[in-house]
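[1] next input, structure requested:
(2 chains)
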Amino acid sequence: METSLVKGKSQIKGQSQMTYQRQRKWLGAIFSLPALALLFTFLVLPVILAFIYSFMNYNMLNPDGKTFTGLENYKRLFQDEVFFTALKNTLYFTVLVVPLQCSVALLLAILVNKKVKVASLGRVFFFSPVVTSMVVVAILWTFLYNVDNGIINNTLNFLGINSQPFLLSPNQAMNSIIFMSIWQAAGFQMMIFLAGLKEVPDTLYEAAEIDGANAFQKFLHVTLPSIQHVTGFVLIITTIQAFRLFIQPYVMTNGGPSDSTKTLVFMLYENGFQFRDVGYSSAIAVVFFLVVILVSLILKKVLKQ
Amino acid sequence: MKKALTLGMAFVLLIGILSACSNDKSASGDGDGPVKLTLWHPEGDTTEAYKEIIKEFNKENKGKIEAEITFIPRGNKYAYEDKISAAATSNTLPDLLSLDGPNVANYADAGIIQPIDGLIKDQDDFVPSIITQGTYDKKLYTVGATESTVALFYNVKMLEDAGIKPPTTLEEAWTWDEFYQAAKKLTDKEKGVYGVNWTLDYGEWIIYFTGPTVWSNGGRFISEDGEKTEGYVNGPKTIEALEYLQKFTKEGLVNLQPTPTEFEDGKAAMMLMGSWEWTKLQDYKDTQWGITYYPRSPEGEQVSPSGDWNWGMSTSTKHKEETATLLNYLMTKDHVVKLAEVSNKPAARLSSFEEMKEWNEAPLNVLKNQVLKTAHPRPSTTSYPVLSTKYGQAVQNIFLGGDVKKELDKVAKETDTDIARKK
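    So this is what the prediction gives:
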């Protein structure tokens, strides 16, 4: 008797809860619909379309004339010297920029984390290139790198060193871009590191000091382990940003000289927009997508250990 | 009640998004009222003039046709062309669009612009090079108000000091060697003065300004039928022409990273530059300058580059007749004079050109003679974007000391791949 009563009660309660939950779900779905629709149109759909187009011969100016060509674009891609050069350049840029930029950023963060008045000024100073448009920065640096009149060469000459070709040399162009990219972007990572550093409790440093640790040991055994999560995050976003290198070569070198600064994204743009070869550039996009995912996964695994 | 309200709101939101996505058909003017036409043109010297002309047109055709012109920034690369490509994909092209000469074949082949044979008044009055440029597959697709050319600007005083007399008639135009010797003599490394200045933009400029050196030598960029570049863009005559130009950069007669006003500041004795540049020189009162003809290959013809922006009618226009009326209005004799004068370019109509008296005397007569007598069109091919870009990159590398044959071989390979793809 009692049990059935309880059961009945709970049944009634359960039922009303279920309809309520169902309603809530339904309402929730409606509310998220606009956001989902936008996400789908601008994020998911393009990825799917790029994948489909990568199997087509598709002239951008003539969308109705597109035809399926199977793996033709991929076959062409893996026989294309420019593609491997672009892949190599992109990897070279990433491998150099990520560790360098992150170390510079960490160094700056420690520097401006000091409890002195100039520190906040330093923060503004190091962060200002980040808020400047990359296009502007790239144009400015093109002037700095000028062979005859650039300030860098003038300084070198003053110090008794010969002028360097910088952007005009296939050997120096990419390194010049790497240098300016670090200068431009390190401020952003600095800010994230700074937030991480603020979280490290002073007590840890005090304890280390009592144990007789010097500044470097404190950095190695207190600071670094304490900001581990921040470091992981910074590494991953820097890597993904580095892979997308485009504006600097587009503005400063146009991918040259001799393709030495041509990156995957540059190649994708060139084929897609300038040559209007949507199929081929979609194939590049798909490969690029896979490379970035693969590298991110590896990075994540390495960082976990 | 509350539920109904939230549901209603969500619904309204959704409708709003959907309607924002769908095409607004009424804008094209199918109903009553005037026919609405749209035009696109790159932003530049002619912006104000076009605005005035369109305003007059709208006044004259009040109630019948209403035109609206949009100016799009171009930059020194391909920003305007990117915009056209995007519009073609999404079917949002204007009725009348401005396009650079070498794009005629590409756009015509892709079906973006349509033939305008028989729609243009006084077609014979246009300079021949403009008609050649606008013709693809034996049909006329575009006409334009102005022409262009590249000539050799020189610093009068520097040449006098060096005892060099620049040619004054077309027949006496410098040969390659004479030009090279002059440049060599005028280069003064101590003072930081270069013999010649030429711009090294990444866009269309390179094929445009080096073209005549290749053609004058009997070289070509592409076969007659436009089907093949192998053996043409990397043929012996083309290679010879570029090896000749490479001498200038190798020996330091040209600055590879010049300032924009190198010639004006007296840091370069001569300048290979477009015809539009001469007015800018007038702001530099201290530098006295003259113009002479584009140097020619010893045994070759005298040629100069040509081509300019044109108007083409998009295939998506619903009002062919009205668009033709507008195009003819833009191209009347007086309007061509106006557009040519504000942009300081040679006029593309003979009758208009005659009215511009300044062009009959030195130094501008050099530019006029080149337009009327030695103009050579750039190659007409659907794969022009690839050819122009790859050739530009190759020439950059050549100027930086790259191997001429190897660089041009790459151009041939990439362009031929693109031609095959478009078949």
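[2] CA only for contacts and neighbour counts going forward, please
    Will do.
[3] touching chain A at all, the helix or strand containing B:Glu240?
    Element membership of B:Glu240 [criterion: DSSP states H and E] is helix B:236-250. No. Legend: contact between helix B:236-250 and chain A by C-alpha under 8 Å from any C-alpha of the partner chain is lacking; minimum distance shown is 12.5 Å.
[4] close enough to count as contact, B:Leu96 and B:Gly312?
    Yes. Applying C-alpha atoms under 8 Å as the test, B:Leu96 and B:Gly312 come out as touching, 5.8 Å apart.
[5] how is chain A divided into domains?
    A:2-53, A:80-304 (automatic domain parsing).
[6] out of those domains, which comes closest to chain B?
    Closest approach to chain B among those is made by domain A:80-304 (5.6 Å; C-alpha to the nearest C-alpha).
[7] would you map the strands across the chain?
    In the absence of a named chain, chain A is used. A:56-57, A:67-68 (DSSP state E).
[8] chain B is the one I meant
    Per DSSP E, chain B carries strands over the ranges B:35-42, B:65-72, B:96-100, B:113-114, B:135-136, B:139-140, B:142-143, B:150-155, B:194-197, B:268-274, B:289-292, B:304-305, B:309-314, B:375-376.
[9] what pairs with the third one, parallel or antiparallel?
    Which is strand B:96-100. If you go by DSSP bridges, strand B:96-100 pairs up with strand B:35-42 (parallel), strand B:309-314 (antiparallel).
[10] angle of the first one against strand B:65-72?
    Translated: strand B:35-42. With axes from the mean of the first three to the mean of the last three C-alpha atoms, to 10 degrees applied, the angle from strand B:35-42 to strand B:65-72 works out at 20 degrees.
[11] contacting residues around strand B:35-42?
    The contact list for strand B:35-42, computed with C-alpha atoms under 8 Å, 6 or more residues apart in numbering or on different chains, reads B:27-29, B:64-74, B:80, B:94-99, B:319, B:322-323.
[12] identify the residues contacting the most centrally placed residue in chain B.
    In chain B, the centroid-proximal residue (C-alpha atoms, centre = their mean) is B:Asp308; its distance is 4.1 Å. Going by C-alpha under 8 Å, 6+ apart, B:Asp308 touches B:Asp100, B:Gly101, B:Ile130, B:Gly144, B:Thr146, B:Glu147, B:Ser148.
[13] the second one: how many residues sit nearby?
    Right, B:Gly101. 25 (other C-alpha atoms under 10 Å in any protein chain shown).
[14] and the gap between it and chain A?
    For B:Gly101, the distance to chain A equals 16 Å [C-alpha to the nearest C-alpha, to the nearest Å].
[15] and B:Thr132, by the same measure?
    B:Thr132 is 23 Å from chain A, by C-alpha to the nearest C-alpha.
[16] find me the pLDDT at that residue, would you?
    The model reports B:Thr132 with a pLDDT of 90.
[17] doesn't B:Pro377 make contact with it?
    Yes. Using C-alpha under 8 Å, B:Thr132 is in contact with B:Pro377, at 7.2 Å.
[18] phi and psi next, for the closest residue to B:Lys64 other than its chain neighbours.
    Using C-alpha to C-alpha, 6 or more residues apart in numbering or on different chains and skipping the chain neighbours, the partner closest in space to B:Lys64 is B:Pro34 (4.3 Å). Here is the backbone geometry of B:Pro34 (degrees, to the nearest 10): phi -70, psi 150.
[19] quick revisit: just the domains of chain A: most buried one?
    The highest mean neighbour count among those, using mean count of other C-alpha atoms under 10 Å in any protein chain shown, belongs to domain A:80-304: a mean of 18.
[20] of all the strands of chain A, which one is nearest B:Ala340?
    Closest approach to B:Ala340 among the strands of chain A (C-alpha to C-alpha): strand A:56-57, 41.3 Å.
[21] that closest one close to chain B?
    Yes. Applying C-alpha under 8 Å from any C-alpha, one finds strand A:56-57 in contact with chain B at A:Asn57.
[22] residues in contact with that strand?
    A:Lys66, A:Thr67, A:Phe68, A:Thr69, A:Gly70, A:Asn73, A:Asp277, A:Val278, A:Gly279, A:Tyr280, B:Arg421.
[23] one more: stretch A:283-290?
    The contact list for stretch A:283-290 (C-alpha under 8 Å, 6+ apart) reads A:Ala50, A:Phe51, A:Tyr53, A:Ser54, A:Phe55, A:Asn73, A:Tyr74, A:Leu77, A:Leu264, A:Val265, A:Leu268.
[24] tell me the one of those nearest A:Phe93?
    A:Leu264 (11.3 Å).
[25] which ones are touching the closest one?
    A:Phe83, A:Ala86, A:Leu87, A:Thr90, A:Arg244, A:Ile284, A:Phe288.
[26] now the helices for the stretch 51-200 of chain B?
    Using DSSP state H, counting those that start in this stretch, the helices assigned to the stretch 51-200 of chain B run over residues B:79-90, B:103-110, B:128-134, B:156-161, B:176-186.
[27] could you list the low-confidence segments of chain B?
    Counting by pLDDT under 70, chain B contains low-confidence residues at B:1-32, B:75-77.
[28] switch to 80 and redo it
    B:1-32, B:74-78, B:201-203, B:422-423 (pLDDT under 80).
[29] next: chain A.
    A:1-24, A:62-63, A:115-117, A:256, A:304-305.
[30] which parts of it sit against chain B?
    A:30-31, A:34, A:57, A:59-63, A:146-148, A:168-169, A:254, A:256-258, A:273-276.
[31] so which of the residues you listed are in helices?
    Mapping those onto helices (DSSP state H) picks out A:Ile30, A:Phe31, A:Pro34.
[32] give me the contact list for the helix holding B:Glu240.
    Contact with helix B:236-250 is made by B:180, B:213-214, B:217-221, B:232, B:254-256, B:395, B:398-401, B:404-405, B:408, as judged by C-alpha under 8 Å, 6+ apart.
[33] can you say which of these are buried?
    When those are checked for burial by 16 or more other C-alpha atoms under 10 Å in any protein chain shown, the buried set is B:180, B:213-214, B:217-221, B:232, B:254-256, B:395, B:398-400, B:404-405, B:408.
[34] residue contacts, the residue nearest to A:Val97 when sequence neighbours are not counted?
    Distances taken as C-alpha to C-alpha, 6+ apart put A:Ile178 closest to A:Val97, at 6.4 Å, once the chain neighbours are dropped. The contact partners of A:Ile178, taken as C-alpha under 8 Å, 6+ apart, are A:Phe93, A:Leu96, A:Val97.
[35] please list the members of those that lie in helices.
    A:Phe93, A:Leu96, A:Val97.
[36] A:Ala242 is in contact with the first one, correct?
    Spelled out, it's A:Phe93. Yes. Using C-alpha under 8 Å, A:Phe93 makes contact with A:Ala242 at a distance of 7.0 Å.
[37] overlap in contacts, these two.
    Contacts common to A:Phe93 and A:Ala242, judged by C-alpha under 8 Å, 6+ apart, are absent.
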